Structures are given as structure tokens and as C-alpha cells.
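**Q** Predicted structure and sequence below. I'll ask about it afterward.
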Amino acid sequence: MVEKVEKVAEAAATETQKATAAGQQFVKEAMTKASTYGDQAFKEGVDKSLTALNELNAQSKRNLEAVVASVTAATKGAEAVSAQAVAYTKKAVEGQVEQARALSSARSVQEVVELQSAYAKSALESYVAEMNRFSETLSAAVKESFRPLNERATAVVETLQAVR
């Protein structure tokens, strides 16, 4: 009977060892799969993060380029407005000098009044015409300076809508 008990105990020990080995193998395989899935998920997360960072850098670069283009357009507009103002001022001063000469050669008070009235009318018409040109130049400069910024804003909105 002792022999039977020993055989049963030996058989039980063998079965326990087999079960333990099978359990260890199962745990090892499960851990390998979990590790593989974890590594894969981590790699995908890093790849997505790098892609997002690259896109963010590209967006930032395009935004900076738009700001530079906007400032460049605003500078050109300011130069155009300035040149226009200088030209008008020069023309106005020349007209005033010419008017002073005409007034100094007038022979009567009546002629002075007529010359001054005609000069005032032409100076006012010239001023109004110049202010219209100035407004057009300024409006065009503002539109041109905001164009790159508007294009970037539109692109960002389209990108955000595409992400949804």
C-alpha cells in the first residue's frame, strides 16, 4: 500500500510539475503578447505625436510666413502712401508759390479776390481728389496686408473642420 501511495504521490507530483510548467508557459506567452501589444501601442503613440508635432511646426512656419508677407505688404503700402503724400505736398507748395506770384502781380483788389477764389476752388478740388486717391491706396494696402493672414485663418479653419 505504501508503494501505491508513493506511486500516486509521484504521479501527482509529475502532474503538478506538468501543470506548473503549462501555467508558466501560459503566463510567459501572455506576458510576451502584452509586451508586444504595449510596445506597438507606444510606437503608434510616438508616431502620432511626432506627426502632430511636425504638422504643428509646419503650421507655425506657414503662420510666420503669412505674418512676414503681411508686414511686407503693409510696409509697401505705407511707402506708397508716404510717396503719394510727399508728391501731393510738393504739388501743393508749388501751387501756393505760383498763387503768391499771381497775387503779387495783381493790379486791383478785384483781381486779387478773383485769383484767390479760383485758387481756393482748384486747391479744394485737388485736395478732395488727392484724399480719394489716398483712401484708395490705403484701402488697397490694408487689404493686401490682411490677405496672407486671412488665407492662414481660412486654412486653419479648414484643417480643424477636417479633423472633426
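**A** Perfect, I can see it now.
**Q** tell me which element Ala80 is part of?
**A** helix 2-104 (DSSP states H and E).
**Q** Can you name every helix or strand that that helix contacts?
**A** The contact analysis (3 or more CB pairs under 8 Å, 6 or more residues apart in numbering; DSSP states H and E) places helix 2-104 against helix 109-163. Bear in mind the C-beta positions are built from the backbone N, C-alpha and C, glycine included.
**Q** Just name whatever secondary elements the helix it packs on is in contact with.
**A** Judged by 3+ CB pairs under 8 Å, 6+ apart, helix 109-163 is in contact with helix 2-104.
**Q** for the helix it packs on, what is the average pLDDT?
**A** If you average the pLDDT over helix 2-104, you get 88.
**Q** Could you give the separation of it from the chain centroid?
**A** The chain centre lies 15 Å from the centre of helix 2-104; the measure is CA atoms, centre = their mean, to the nearest Å.
**Q** Give me the angle between that helix and helix 109-163.
**A** 170 degrees (axes from the mean of the first three to the mean of the last three CA atoms, to 10 degrees).
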